[in-house]
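S.K.: Mind looking at a prediction? Sequence and model below.
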Amino acid sequence: MAADLIPVVQKSYDLCAQLYTHVNRFPRAQRGLLGRVMIEDALQMLVLLTVANRRANKTETLQEASGRLDAIRITLRLSKRLGFVSNGGYEDLSKDANEVGRMLGGWLKYERPRSDKDRRGSAAEDAAADTPRTTAAKRRSGGVRYTMTSPTVERFLRLKLQHPHTIVFVTIGAFCQTFFEDAIYSGQVLRVAVRNLAAESEAEKIPTCGIPKAKLEKYVALLREAGKEVHVE
């Protein structure tokens with residue numbers, strides 16, 4: 001590796017190399033399908049991060065790289081579930097992906113204009129008003145808990161595979177719910193609570209974020225201002 005590569009590009013390079021190693025162990029038919037998607041997203045992310053480092057206005061390119069990382073995480077999770085990646089391999093790859101995400105998130109936070117924070121101010125007020133009602137409703141219902149095979153989570157994952165670079169929400173009653181990295185990102189942008197709603201039997205965390213349908217248009221607009229496309233179903 002060249003000595004002048006910034007840490008996030010170095011870590012992304014390492015993640016690409018690791019993915020190649022694991023994809024080469026996939027069943028032959030899946031190397032050209034799921035494996036190819038994973039590698040293409042990883043390479044595109046690496047290119048975007050390299051290009052962003054040389055641009056004056058980096059935010060849009062970094063956001064696109066973040067979308068590629070979201071797609072990698074989803075396809076990696078699917079690969080583990082289908083048995084193409086071992087538990088140990090999944091843990092190693094997830095660790096590298098999380099490290100890239102941490103670095104990329106910090107870079108985006110530094111580059112994002114202050115005006116974005118001002119525009120998000122009203123969303124924070126709405127979220128503060130919505131959260132008590134949301135929490136109270138969950139307490140009354142005994143709390144919703146998910147596993148990776150819950151119908152709602154599977155529905156989200158299917159939609160995410162169809163829209164890998166988009167924030168995906170699924171409609172559940174009076175709320176629109178998103179999961180995993182989409183939930184974490186939406187929580188940061190919209191200033192709404194993100195909770196781990198994994199059932200006790202589920203080994204992995206299932207971060208979840210919900211917004212009221214009545215205010216969907218407003219929150220979708222804020223996510224689009226932050227550079228993300230949104231799909232609601």
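M.R.: Ah, there it is. Residues are numbered from 1 along each chain as shown.

S.K.: where does this structure have its least confident helix or strand?
M.R.: Across the helices and strands of the chain, the lowest-confidence element by mean pLDDT, DSSP states H and E is helix 114-119, at a mean of 44.

S.K.: any low-confidence regions in the protein?
M.R.: Along the chain, the parts satisfying pLDDT under 70 run over 1-5, 112-143.

S.K.: Grab the longest helix from this structure for me.
M.R.: Assignment by DSSP state H gives helix 87-111 as the longest helix of the chain.

S.K.: For the residue most central in space within the chain, which non-adjacent residue is closest in space?
M.R.: Centrality entry for the chain: nearest residue to the mean C-alpha point is residue 181, 2.4 Å, by C-alpha atoms, centre = their mean. Leaving aside its chain neighbours, residue 181 sits nearest to residue 70 (4.7 Å; criterion: C-beta to C-beta, 6 or more residues apart in numbering). Where you see a C-beta, it was placed from the backbone N, CA and C, and this is true even at glycine.

S.K.: re earlier: quick one: the residue nearest to the centre of the chain from residue 69, how far?
M.R.: 8 Å (C-beta to C-beta, to the nearest Å).

S.K.: shared neighbours of the two, anything?
M.R.: Common neighbours of residue 181 and residue 69 (criterion: C-beta atoms under 8 Å, 6 or more residues apart in numbering): residue 101.

S.K.: isn't residue 144 right up against residue 197?
M.R.: Yes: taking contacts as C-beta atoms under 8 Å, residue 144 lies within contact range of residue 197: 6.2 Å.

S.K.: between the two, who's got more neighbours?
M.R.: residue 197 (22 against 16; other C-beta atoms under 10 Å).

S.K.: That one touches residue 209, doesn't it?
M.R.: No: look at residue 197 against residue 209 with C-beta under 8 Å: they stay out of range, at 9.9 Å.
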